[in-house]
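K.L.:
Give me the fold of what follows.
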Amino acid sequence: MGKDKALLDVGGEPLLGRVLRRVAPLSDDLLLIAPARPGYEQFAARRVDDLVPQAGPLGGIYTALTTAQHPYCLVLACDLPFVNVQLLRYMISLPRDYDVLIPALRGTSAQGGEETLQTLHAIYSRACIPAIEQQLAQGRYQVIGFFPRVHVRRIPESTVRQFDPELLSFFNANTPEAYAWALAHVQAFDTAERLQG
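P.N.:
Take a look at the predicted model:
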């Protein structure tokens, strides 16, 4: 992208600020797992350095779980301009009978399976920490790598679509083309959301 995507303007606010604003009503402990960077001081979230640098998203999840005030963490990527709050509320409302609660979308994925697990749009329990630590110690950083050692509850695509028919929650503005698409659609998305109440 050539610049910090978290600071890209989307609908008049930084992309990360948009994500944080949308989830702020759902939690009293917003965490930003990132190094100190120019511009990040504007965000209303507790910034925490990665405890395991260079470990990618898995290291970020581990950091969130070990520093959060609560035993469950909703983990979201910073580049999701169309986060669907109703879907998040549904996920949060489900009984906490899992270690990982994750949307599972149909179709062969780069993860090597017949579904795409949305690892950066999921809820993780502190019960995952030992399995993550073991994986980090082995130098293995694929998020789903520790899933066989914990209780994973999938949310099927059919259920996700009841809240998010077009699956826009999982749209990443992480390329110039995706960013341009987000800019072209954000106003219509926000208007439709306001009309839904």
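
K.L.:
use CA for all of it now, contacts and neighbours both
P.N.:
Will do.

K.L.:
Tell me who's in contact with Val23.
P.N.:
Val85 (C-alpha atoms under 8 Å, 6 or more residues apart in numbering).

K.L.:
Quick check: next helix or strand after the helix or strand it falls within?
P.N.:
For Val23, the host element (DSSP states H and E) is helix 15-23. Helices and strands here follow DSSP H and E; after helix 15-23, the next one along the chain is strand 31-33.

K.L.:
For that next one, give me every contacting residue.
P.N.:
Outside strand 31-33, the residues touching it (C-alpha under 8 Å, 6+ apart) are 45-50, 60, 63-64, 68.

K.L.:
What are the boundaries of the strands in this protein?
P.N.:
Applying DSSP state E to the chain gives strands spanning 9-10, 13-14, 31-33, 46-48, 72-76, 100-106, 115-117, 121-125, 152-156.

K.L.:
Now the fifth one: average pLDDT?
P.N.:
Here strand 72-76 scores 98 as its mean pLDDT.

K.L.:
Render the CA-only coordinates of that strand in PDB, please.
P.N.:
Extracted in PDB, the C-alpha atoms of strand 72-76 (Å, rounded to 0.1, in the frame of the first residue of the first chain):
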ATOM      1  CA  TYR A  72     -12.400 -13.700  26.200                       C
ATOM      2  CA  CYS A  73     -11.200 -11.400  23.400                       C
ATOM      3  CA  LEU A  74     -12.900 -10.300  20.300                       C
ATOM      4  CA  VAL A  75     -10.000 -10.000  17.800                       C
ATOM      5  CA  LEU A  76     -10.400  -7.900  14.600                       C
END
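
K.L.:
Each with direction, which strands does it pair with?
P.N.:
Taking DSSP bridges as the criterion, strand 72-76 sits next to strand 121-125 (antiparallel) in its sheet.
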